[in-house]
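Chemist: next one to model:
(chains A and B)
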Amino acid sequence: DVKVTQSSRYLVKRTGEKVFLECVQDMDHENMFWYRQDPGLGLRLIYFSYDVKMKEKGDIPEGYSVSREKKERFSLILESASTNQTSMYLCASSLLGQAYNSPLHFGNGTRLTVT
Amino acid sequence: AQKITQTQPGMFVQEKEAVTLDCTYDTSDPSYGLFWYKQPSSGEMIFLIYQGSYDQQNATEGRYSLNFQKARKSANLVISASQLGDSAMYFCAMRESTGGFKTIFGAGTRLFVKA
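Modeler: Okay, the predicted model is just below:
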């Protein structure tokens, strides 16, 4: 079974702090994704990566950056946390091959509160 | 532009009855995949079922089936014989072959199963 692990289940940070959300997958998946989930909006893609050191902006990249130094690890960075970044953050991975029929495998999510 | 619409914010169903969760989508890509995910209150996202745009038959996975009407651009999820454990958020999602591996999600439907 694919396992996607997010390092924290809950985080509370102060406005202006630099925040790191870590995600590790153990199935050698090429693609990794960061989404944020807000009520009534579903999941919105922040960034994704299809290879080590490669990254692509999603629909809402502003205020975020990412890092993928190793295939299994994909980090989301909030450069200067703001209250409007309070949300549930979900990491996911998928296979590269047969791209559009490969489902996403998700971590359990990190609920971030910025005060 | 690709878009997923789920018009039912909340649904109630009696235990052991069937329920249909609606999903419509918009895309100009002839090759795409449609997915349904379940998110229980624990927060993890669970992949349920997949339908490809060229699949002739409706997808089925146990008690889940996908009512795919390509001309109407709808991909409704049918859950038969509902169980209390089916109470959760359900998300419809789509990935286009030309979308850069990006999966977009609808806003979700919260299903409540009554005993």
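Chemist: going forward, measure contacts and count neighbours with C-alpha atoms only.
Modeler: Noted.
Chemist: any idea which residue sits dead centre in chain A?
Modeler: Centroid-nearest residue in chain A, with Cα atoms, centre = their mean: A:W34, separated by 2.5 Å.
Chemist: what's the closest non-adjacent residue to it?
Modeler: Among residues not flanking A:W34 along the chain, A:C91 sits closest, at 4.7 Å (Cα to Cα, 6 or more residues apart in numbering or on different chains).
Chemist: related to what we said a few turns ago, the residue nearest to the centre of chain A in helix, strand or coil?
Modeler: In three-state terms, and counting by DSSP: H, G, I helix; E, B strand; the rest coil, A:W34 is strand.
Chemist: go ahead and confirm A:G107 touches A:Q6.
Modeler: Yes: using Cα atoms under 8 Å, A:G107 is in contact with A:Q6, at 5.8 Å.
Chemist: which residue sits closest to whichever residue of chain A sits closest to chain B, ignoring its sequence neighbours?
Modeler: Closest to chain B within chain A is A:G42: 3.8 Å, counting by Cα to the nearest Cα. Excluding the flanking residues, the one nearest A:G42 by Cα to Cα, 6+ apart is B:A107, at 3.8 Å.
Chemist: again with A:T110
Modeler: Nearest non-adjacent residue to A:T110 (Cα to Cα, 6+ apart): A:R9, at 4.5 Å.
Chemist: list the contacts of the one you found.
Modeler: With contact set as Cα atoms under 8 Å, 6 or more residues apart in numbering or on different chains, A:R9 has these partners: A:N108, A:G109, A:T110, A:R111.
Chemist: hmm, 7 Å instead?
Modeler: A:G109, A:T110, A:R111 (Cα atoms under 7 Å, 6 or more residues apart in numbering or on different chains).
Chemist: go through the residues you listed and flag which are in strands.
Modeler: When these are checked against strands using DSSP state E, the ones located there are A:T110, A:R111.
Chemist: is it possible to export the contacts of A:R9 to JSON lines including pLDDT and neighbour count?
Modeler: Supplementary listing: the contacts of A:R9 in JSON lines, determined by pLDDT from 0 to 100; neighbours: other Cα atoms under 10 Å in any protein chain shown:
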{"residue": "A:G109", "pLDDT": "95", "neighbour count": "27"}
{"residue": "A:T110", "pLDDT": "96", "neighbour count": "22"}
{"residue": "A:R111", "pLDDT": "96", "neighbour count": "18"}
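Chemist: quick one, phi psi at A:L78?
Modeler: Reported as degrees, to the nearest 10, the phi and psi values for A:L78 are phi -100, psi 110.
Chemist: could you do B:G33 as well?
Modeler: Its backbone dihedrals place B:G33 at phi -120, psi 150, with angles given as degrees, to the nearest 10.
Chemist: what's the closest residue in space to it that isn't next to it in sequence sitting at in phi/psi?
Modeler: Among residues not flanking B:G33 along the chain, B:G52 sits closest, at 4.5 Å (Cα to Cα, 6+ apart). B:G52 adopts backbone torsions of phi -90, psi 150, taken as degrees, to the nearest 10.
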